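Colleague: Structure of the sequence below:
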Amino acid sequence: MTPNYESWSKEELIARLKELETKKHTKLTRSPTFKKPFHLSSHPKRKIAIKFCYSGWEYNGLAYQNGPTPLPTVEDVLLVDATGGLDGCGWERCGRTDRGVSAAGQVVSLWVRSALPTETASKVASSSDEEDLSTEDTPQNTSLQPSTKHELRYVSILNRVLPPTIRVLAWSPISPDFSARFNCKHRHYKYFFTSHGLDVSLMQSAANHLIGEHDFRNLCKLDPGKQITNFHRCVMHAQINPVSPESDSGGRVYVFDLVGSAFLYHQVRHIMAVLFMVGTGLEQPSIVSALMNVFQAESNTLPEPHLPLVDRKPEYQMADALPLMLWDCAYADSDVTWQSDGNNAEKGTGSDLYHLLHSIHQRSVIHTVLDEHFFAAATQYHSPPPQYFPFSQTGLTPHTLPHSNLGREPVLGVPLGAGTYKRGAKYTPLLERKRLDHVDVANERWRIGRGSKYNKQKTPDDGIE
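Modeller: Alright, predicted model coming up:
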């Protein structure tokens, strides 16, 4: 029964508060339940590859960071062995993704506990300094104890302890010398956008110039800290395809499929920013070839011999991260054999992987419908602004844009993806903009400055975005 505190004196209330504080402190200082530590050295192990997806907008990128970040990184959540860390389990990622970028087919390789004898799972010589490579909570969950007949259900086990925004899709047995990064044959990125204000045919014409091996230093973010000197990358496929029918409000949804052996830092988002400029009509498709013409000696080998030399990157803003997805990391069939938990996977209403992702998708569809109705309600009272883009359909140019009734210059909104825009009253062509320092100059300045504090230079990741 709750006491009638209103009738208590000040001294009685103070005494009661002290009593409650004492009880609270006693509960907090109780000794935690002892859990027997888990050591991988006393269990069989094997090396596996894991394919997983994650919602980029929930995380501060994929890679683990030493310092604090506004949001957790994906590897912060996946890293479950604080003692061994990423190095302790031989962790290798196929490619980094930046903050806001999602993945549907990211791949990592690592050593894990196995239910099979070591010589059966993988013929690996045990080292003398093995680290604890277990998955968090696995040792304490008696239902996950190894079976002598079947391998551990890696997909189910990991998805049980991971948040819904990270889902393990499949795993594969791999050889001890397999590397998720270096064994990758190619990486496939997708960037989704709407055709509102864009001429998609012009964007495709520009994308065609990307095919082949080129120097992409003007189509990526330059990071002197990585000391990159080779900006040549090979693009195998660059195609824009529709993914939805035309709508009355936002145009048609398209996807830009870009496949390459490896990518530079923010390369896909820089390419998309330039494609958006081409789609509006502010730049010609040949701008892509111009930005890749970084050496005078190479100009005569390009299809368009009169391209200007662009040996330093012009300043421009890259496209938004939200629509970008690492769709797939491809490997030789002899390297990986992707598999799920098969018939041993737990089934239940809404509990398995398929039902969970289907449920998330259904909620997203409903959110889209709601947003469409919000927009429809607003259009009853607010007229759309003048449509200037694409110039190929409006017949306008940067010099023939109409002024307002008050004589003001029009404000141009150059698309950056995901409904974001770079707004300004005047557009400066890319090749007339201020240029950044030459790569060699920026690298040398870093090397004799901040870089002199480091004994070991950073090495770039393949597949960075």
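
Colleague: Tell me the secondary structure at P164.
Modeller: Look at P164: counting by DSSP: H, G, I helix; E, B strand; the rest coil, its state is coil.

Colleague: Same question for T69.
Modeller: coil.

Colleague: what's the burial count for it?
Modeller: Using other C-beta atoms under 10 Å, the number of residues around T69 comes to 14. Where C-beta positions appear, they are placed from N, C-alpha and C, glycine not excepted.

Colleague: need the contact list for it.
Modeller: Residues near T69 by C-beta atoms under 8 Å, 6 or more residues apart in numbering: 60-61, 76.

Colleague: first vs last residue of stretch 189-209, how far apart are they?
Modeller: For stretch 189-209, the separation between the terminal residues is 17 Å (C-alpha to C-alpha, to the nearest Å).

Colleague: Buried residues, it. List them.
Modeller: Using 16 or more other C-beta atoms under 10 Å as the test for burial, stretch 189-209 gives 189-200, 202-207, 209.

Colleague: ok, now stretch 63-73?
Modeller: Applying 16+ other C-beta under 10 Å to stretch 63-73 flags 63-64, 73 as buried.

Colleague: quick one: least confident of those residues?
Modeller: Of all those, Y64 carries the smallest pLDDT score, 89.

Colleague: Could you check how far that one is from V74?
Modeller: Going from Y64 to V74 by C-beta to C-beta, to the nearest Å gives 9 Å.

Colleague: What of K18?
Modeller: Applying C-beta to C-beta to K18 and V74 gives a distance of 46 Å.

Colleague: Among the two, which residue is more densely surrounded?
Modeller: V74 (28 against 10).

Colleague: State the helix or strand in which the residue nearest to G90 when sequence neighbours are not counted lies.
Modeller: Of all residues not flanking G90 in the chain, W111 sits nearest, at 4.9 Å (C-beta to C-beta, 6 or more residues apart in numbering). If you go by DSSP states H and E, W111 is part of strand 102-113.

Colleague: Quick one: mean pLDDT over that strand.
Modeller: Strand 102-113 comes out at a mean pLDDT of 95.

Colleague: Can you list the strands that that strand pairs with?
Modeller: Paired neighbours of strand 102-113 in the sheet (DSSP bridges): strand 45-54 (antiparallel), strand 92-93 (antiparallel), strand 324-330 (parallel).

Colleague: Make JSON lines out of those and add mean neighbour count and mean pLDDT.
Modeller: Below are these laid out as JSON lines (neighbours: other C-beta atoms under 10 Å; pLDDT from 0 to 100):
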{"stretch": "strand 45-54", "mean neighbour count": "22", "mean pLDDT": "95"}
{"stretch": "strand 92-93", "mean neighbour count": "21", "mean pLDDT": "94"}
{"stretch": "strand 324-330", "mean neighbour count": "23", "mean pLDDT": "98"}
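
Colleague: May I see these arranged in a markdown table, with distance to G281 as well?
Modeller: What follows is the strands paired with strand 102-113, written out as a markdown table (distance: least, C-beta to C-beta, whole Å):
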| stretch | distance to G281 |
| --- | --- |
| strand 45-54 | 36 |
| strand 92-93 | 39 |
| strand 324-330 | 24 |
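
Colleague: coming back round to it: between the contacts of T69, which has the most around it?
Modeller: Within the contacts of T69, most neighbours by other C-beta under 10 Å means G61, with 22 neighbours.

Colleague: shouldn't that one be in contact with T73?
Modeller: Yes. At 5.4 Å, G61 counts as touching T73 under the criterion of C-beta atoms under 8 Å.

Colleague: quick revisit: what's the neighbour count on the residue nearest to G90?
Modeller: Number of residues near W111 (other C-beta under 10 Å) recorded here: 21.

Colleague: Tabulate the contacts of T69 (CSV), appending pLDDT.
Modeller: What follows is these, written out as CSV (pLDDT from 0 to 100):
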residue, pLDDT
N60, 95
G61, 95
D76, 90
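
Colleague: ok, so of these, who is nearest V107?
Modeller: Within those, the smallest distance to V107 is 16.4 Å, found for G61 (C-beta to C-beta).

Colleague: Could you break this structure into its assigned domains?
Modeller: Residue ranges of the domains in the chain are recorded as 40-182, 186-330+434-453, 353-382, according to automatic domain parsing.

Colleague: How far does the second one sit from its chain's centre?
Modeller: Same thing as domain 186-330+434-453. 17 Å (C-alpha atoms, centre = their mean, to the nearest Å).

Colleague: what about it, how long is it end to end?
Modeller: First-to-last residue span, domain 186-330+434-453, C-alpha to C-alpha: 35 Å.

Colleague: Have a look at the protein and report its longest helix.
Modeller: helix 353-379 (DSSP state H).

Colleague: So which bits of it are buried?
Modeller: Buried-residue list, helix 353-379, by 16+ other C-beta under 10 Å: L353.

Colleague: same for that helix, what does it pack against?
Modeller: Judged by 3 or more C-beta pairs under 8 Å, 6 or more residues apart in numbering; DSSP states H and E, helix 353-379 is in contact with strand 166-173.

Colleague: Good, we can wrap up now.
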